[in-house]
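In: predicted model and sequence follow; I will ask about them next.
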Amino acid sequence: MSRNKPKTKVRTAKGRKNSSTRWLKRQLNDPYVAEAEKYGYRGRAAFKLKEINEKIDYLKPGMAVVDLGAAPGGWCQIASEIGCKVVAIDLLEMDEMADVTALKMDFMADDAPDILKEELSKISSSGLADAVLSDMAPNTIGHKQTDHLRIMAVVEAAYYFAIEILKPDGIFVAKVFQGGAQDSLLKEMKKHFKVVKHVKPPSSRKESAEQFVVATGFKGSEEV
């Protein structure tokens, strides 16, 4: 991907915050934003899953995938392109796409896991998923310790849901921040998966604390 095009300058408009100007400048000069537009992806985040999958080569045609925190749908697009069938959930509305069932609701709501399982049973004869993907992240407040706890609560909820519904040898991918998954969660993951590691795909901005925990080779709960 070429990164050598001239930089686009952004003038600070009256009434616009400096942080908004910096964000706009990043967007205008981000090659992944341009590539997303070129290929019709719903956002640059699509490349994150694409690059993670190129690294682990896991998603295959015919797989059943659950996508948590899916809007606007970039990860769903990549999974659908590969030939997977997807059940997705997000608080925000998502436009329709082929082979994707999108639920507009909060994954942290009490009834969300059961509704997801019901929809999963429609695309998987076993009622189980080959992969659970989570790009969820709660709104941050700027207090490092509090934000970390909120982020880890979401990751842990996604993880415990994943080990309920994954097929043996399944995969779990989740976004984490601030140094990755904490030690207690990593220790727990290693009980259930053969390989657990952190990955920062090239499309994840260098200045961002974002990275992904990738757990492959689900052992099945009976083996723990």
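Out: In hand now; what should we look at?
In: what about residue 59, how many residues nearby?
Out: 22 (other CB atoms under 10 Å). Where C-beta positions appear, they are placed from N, C-alpha and C, glycine not excepted.
In: so it, which of the three states?
Out: Counting by DSSP: H, G, I helix; E, B strand; the rest coil, the backbone at residue 59 sits in coil.
In: could you check how far it is from residue 132?
Out: Applying CB to CB, to the nearest Å, the value for residue 59 to residue 132 is 12 Å.
In: shared neighbours, those two?
Out: Counting by CB atoms under 8 Å, 6 or more residues apart in numbering, the shared contacts of residue 59 and residue 132 are residue 65.
In: now the strands for the chain?
Out: 64-68, 85-90, 100-104, 129-134, 166-176, 193-199, 211-218 (DSSP state E).
In: run through the bridge partners of residue 175.
Out: Beta-bridge pairing for residue 175 (DSSP bridges): residue 212.
In: look at it and report its pLDDT.
Out: We have a pLDDT of 92 for residue 175.
In: with residue 152 instead?
Out: Looking at residue 152, its pLDDT stands at 88.
In: how many residues are close by it?
Out: For residue 152, the neighbour count with other CB under 10 Å is 19.
In: hmm, it is touching residue 186, no?
Out: No - Residue 152 sits out of contact with residue 186 when judged by CB atoms under 8 Å, with a separation of 11.2 Å.
In: all helices of the chain, in order?
Out: Assigned by DSSP state H, the helices in the chain fall at 18-28, 31-39, 45-56, 74-82, 112-120, 144-165, 183-192.
In: re the thing from before, got the strands of the chain as a markdown table, with distance to residue 38 and mean neighbour count columns?
Out: Converted to a markdown table, the strands of the chain look like this (distance: least, CB to CB, whole Å; neighbours: other CB atoms under 10 Å):
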| stretch | distance to residue 38 | mean neighbour count |
| --- | --- | --- |
| strand 64-68 | 23 | 27 |
| strand 85-90 | 23 | 25 |
| strand 100-104 | 21 | 17 |
| strand 129-134 | 23 | 27 |
| strand 166-176 | 24 | 22 |
| strand 193-199 | 24 | 16 |
| strand 211-218 | 24 | 20 |
